[in-house]
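Q: Here is my input; please provide its structure:
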Amino acid sequence: MPPAPTATPASAELRIRRVTRWILGVGFGAAAAVYAIALARPESAPGYEPLETKKYLHDLEVYGGKANVVAAEFREWFAGLWSGTNLAWTIAVLTILTVLLYRFFAAPMPLDGDADEVEGGAAPPRPWPPSR
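A: Below you'll find the model as predicted:
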């Protein structure tokens, strides 16, 4: 059986670039499609927004304190991320985060023998805790 081909740093970098481009294309394409669909839909009639009424906010604060009001506002904001044009922006941000995480974890680590070349021949690190 022939030996397995070894991956060169250039081929690894090429693979990382291709996957990165693929993730960006799919993610931004999906975000653009969601944005276009959200713009094409007619806006619904303004509805009842309980967090905009003073009585509702007062009741929330009476029953649960300021933390209850903040938690209700956070839930409302978070639920708003998953509809309309906000969903398109959420997909775009998640795409960028996915690319950054992929490139961080896919980057090849230098081998032990290459560490001296990368660091310019610096002395090896001292053990911790330092001995006296």
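
Q: could you check the distance from the one residue sitting closest to the centre of the chain over to Gly25?
A: Most central in the chain under CA atoms, centre = their mean is Leu97, positioned 2.8 Å from the mean C-alpha point. Distance from Leu97 to Gly25, counting by CB to CB, to the nearest Å: 16 Å. (Each C-beta comes from the backbone N, C-alpha and C, glycine too.)

Q: Repeat that for Ala36.
A: Distance check for Ala36 against Gly25: by CB to CB, it reads 16 Å.

Q: do Glu49 as well
A: 37 Å.

Q: avg pLDDT for the helix ranked longest in the chain?
A: Assignment by DSSP state H gives helix 9-40 as the longest helix of the chain. Average pLDDT, helix 9-40: 93.

Q: how many neighbours does Ala31 have?
A: 20 (other CB atoms under 10 Å).

Q: Which residues are in contact with it?
A: Ala31 is in contact with 88-89, 91-92, 95, counting by CB atoms under 8 Å, 6 or more residues apart in numbering.
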